[in-house]
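A.B. asks: What follows is a predicted structure for the sequence shown.
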There are 2 protein chains.
Amino acid sequence: MTARTSTESARDIPEATVARLPVYLRALTTLSEAGTGTCSSEALAAAAGVNSAKLRKDLSYLGSYGTRGVGYDVDYLRYQIAREIGVTQDWPVVIVGIGNLGHALANYSGFRSRGFRTVALLDADPARHGEMVAGIEVQPFDDLESIVAEHGVAIGVIATPAVAAQAVADRMVACGITSILNFAAGVLSVPAGVDVRKVDLSVELQVLAYHEQRKAQGELA
Amino acid sequence: MTARTSTESARDIPEATVARLPVYLRALTTLSEAGTGTCSSEALAAAAGVNSAKLRKDLSYLGSYGTRGVGYDVDYLRYQIAREIGVTQDWPVVIVGIGNLGHALANYSGFRSRGFRTVALLDADPARHGEMVAGIEVQPFDDLESIVAEHGVAIGVIATPAVAAQAVADRMVACGITSILNFAAGVLSVPAGVDVRKVDLSVELQVLAYHEQRKAQGELA
DNA sequence: TCCGTTTTGTTCTCCCGTTCACAAACTCCT
DNA sequence: AGGAGTTTGTGAACGGGAGAACAAAACGGA
């Protein structure tokens, strides 16, 4: 899904593993807050909802952070995963398109608590400019370039209607953004070296509908 | 991701293909609206953002709906895919948790236009009851059972805080819902036969952060 | 110190999904 | 009617990820 064409680095962690690391991170945070100091791969796997063998294999890509016969130190492992996926540092993020979804994203606490700082909310509609959302003022989309330059933004979020998405993406790429999270429908085309991840709510529902339909067919057969 | 333990049916379409069918469906709709009557696998694949060989293989699981040397009839193929994933019929949906995200979901036009009808918005907070969102009144969560029974709801959406999610899922399952779209953080445990799909916004950003960090490391190496 | 217990890290095998490559099938032109 | 040109549908090779199984390593008790 995510196009990777940039430079290869020493250890490359499988894409499937990368997608699970944030899940482990969250499980570890929960365990830590519950006062757990050490946990086995079995326990952590249960908390993360995966197979323990898969968990151990995933962690082995990062290094050897466990102790045989004992398990993993929760806080230590948590730090190692956070460092590996880069959430120990602070990532400035720009959100474009402050409709219903943009509002929800701006207010979503899960971003800030995980190292993502929303530095600007942009919208092309002048009627929205000046509105305060989640303590941040909505600014004109044309301010994109100056904001990206000022804060060194590398990650952009697109929450606009589908028709505007490609134009927004082009502007983002032009001013140096290299990672895009896209909530708009349709396919974005971006140059090599730019990562795009897409979240499509209606696709998720349609997949559920397919399985639901199959269940119904099975019953009357 | 999605646990499938229900009855196996005649043709089983690979999970990866099922996830792409909605994308093809959208591309076909766009083509149809642009007045295109026929298209090749190459053209459709470009519109959907996939490899043409993959597209043809995916479509071959549904049947043989193309014509060699010509391509696919846009409207005919669109109908076939829609029928296969079950969006020719109307799916009643319940949304639980009418915070920022719940608002966005209730207002999201992509659901209704794709055969999903929001029949109820539920929230445990009495302060929200009676509020009109997207033309629908927010009702108490305790009305879940009666609403599900009345409308024959099979699909539920969870947009609550993480702490409430498991309890909501349990109630949903107890009253007959068999497909859940979960936006809350954390792992849901449900009995076999119930499908859960999870959308985790912060996981998506963290995956981007990982790749972004790698790009940065590559530059200074 | 030595042995049994626990748990990690890793190897091996299997399966699913992707991609290539090509034969079959259809259209159009002569 | 026949041949050239297109495009589908699919067989086969390939690569990556999932899970089982086990050896290596640490701990604890006698």
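C.D. replies: Sure, I can see it. Bear in mind that the values here come from a model prediction, so they are computed numbers and not experimental data.
A.B. asks: Quick one: name the residues of chain A near DNA strand D.
C.D. replies: Within chain A, the positions adjacent to DNA strand D are A:14-17, A:50-51, A:53-54, A:56-57, A:67-70 by Cβ under 7 Å from any atom of the strand. (C-beta placed from N, C-alpha, C; glycine too.)
A.B. asks: now do 6 Å
C.D. replies: A:14, A:15, A:16, A:51, A:53, A:54, A:57, A:67, A:68, A:69, A:70 (Cβ under 6 Å from any atom of the strand).
A.B. asks: shouldn't the fourth one be in contact with residue A:45?
C.D. replies: Yes: A contact is recorded between residue A:51 and residue A:45 when judged using Cβ atoms under 8 Å, the distance being 6.2 Å.
A.B. asks: Name the residues contacting each of these two.
C.D. replies: By Cβ atoms under 8 Å, 6 or more residues apart in numbering or on different chains, residue A:51 and residue A:45 have no common neighbours.
A.B. asks: Between the two, which is the more surrounded one?
C.D. replies: residue A:45 (20 against 13; other Cβ atoms under 10 Å in any protein chain shown).
A.B. asks: picking up where we left off before, let's have the residues of chain A next to DNA strand D in JSON lines, adding pLDDT.
C.D. replies: Below are the residues of chain A next to DNA strand D laid out as JSON lines (pLDDT from 0 to 100):
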{"residue": "A:14", "pLDDT": "97"}
{"residue": "A:15", "pLDDT": "97"}
{"residue": "A:16", "pLDDT": "98"}
{"residue": "A:51", "pLDDT": "96"}
{"residue": "A:53", "pLDDT": "97"}
{"residue": "A:54", "pLDDT": "98"}
{"residue": "A:57", "pLDDT": "98"}
{"residue": "A:67", "pLDDT": "97"}
{"residue": "A:68", "pLDDT": "97"}
{"residue": "A:69", "pLDDT": "96"}
{"residue": "A:70", "pLDDT": "97"}
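A.B. asks: List buried members of these by neighbour count.
C.D. replies: Applying 16 or more other Cβ atoms under 10 Å in any protein chain shown to these, the neighbour count classes none of them as buried.
A.B. asks: These: which two are farthest apart?
C.D. replies: Spatially, the most separated pair among those is A:15 and A:69, at 31.7 Å (Cβ to Cβ).
A.B. asks: quick one: the spatially most central residue of chain A and DNA strand D, what's the gap?
C.D. replies: Nearest to the mean C-alpha position of chain A, counting by Cα atoms, centre = their mean, stands residue A:181 at 7.4 Å. Distance, residue A:181 to DNA strand D, using Cβ to the nearest atom of the strand, to the nearest Å: 20 Å.
A.B. asks: mind listing what that residue touches?
C.D. replies: Contacts of residue A:181 by Cβ under 8 Å, 6+ apart are A:155, A:156, A:157, A:158, A:196, A:197, A:199, B:204, B:205, B:208.
A.B. asks: For the residues you listed, give me JSON lines that also has distance to residue B:173, neighbour count and secondary structure.
C.D. replies: Shown next, in JSON lines, are the contacts of residue A:181 (distance: Cβ to Cβ, whole Å; neighbours: other Cβ atoms under 10 Å in any protein chain shown; DSSP: H, G, I helix; E, B strand; the rest coil):
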{"residue": "A:155", "distance to residue B:173": "36", "neighbour count": "21", "secondary structure": "strand"}
{"residue": "A:156", "distance to residue B:173": "38", "neighbour count": "28", "secondary structure": "strand"}
{"residue": "A:157", "distance to residue B:173": "33", "neighbour count": "30", "secondary structure": "strand"}
{"residue": "A:158", "distance to residue B:173": "34", "neighbour count": "24", "secondary structure": "strand"}
{"residue": "A:196", "distance to residue B:173": "35", "neighbour count": "20", "secondary structure": "strand"}
{"residue": "A:197", "distance to residue B:173": "30", "neighbour count": "18", "secondary structure": "strand"}
{"residue": "A:199", "distance to residue B:173": "25", "neighbour count": "17", "secondary structure": "coil"}
{"residue": "B:204", "distance to residue B:173": "27", "neighbour count": "20", "secondary structure": "helix"}
{"residue": "B:205", "distance to residue B:173": "30", "neighbour count": "27", "secondary structure": "helix"}
{"residue": "B:208", "distance to residue B:173": "33", "neighbour count": "27", "secondary structure": "helix"}
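A.B. asks: Right, I'll call it a day here.
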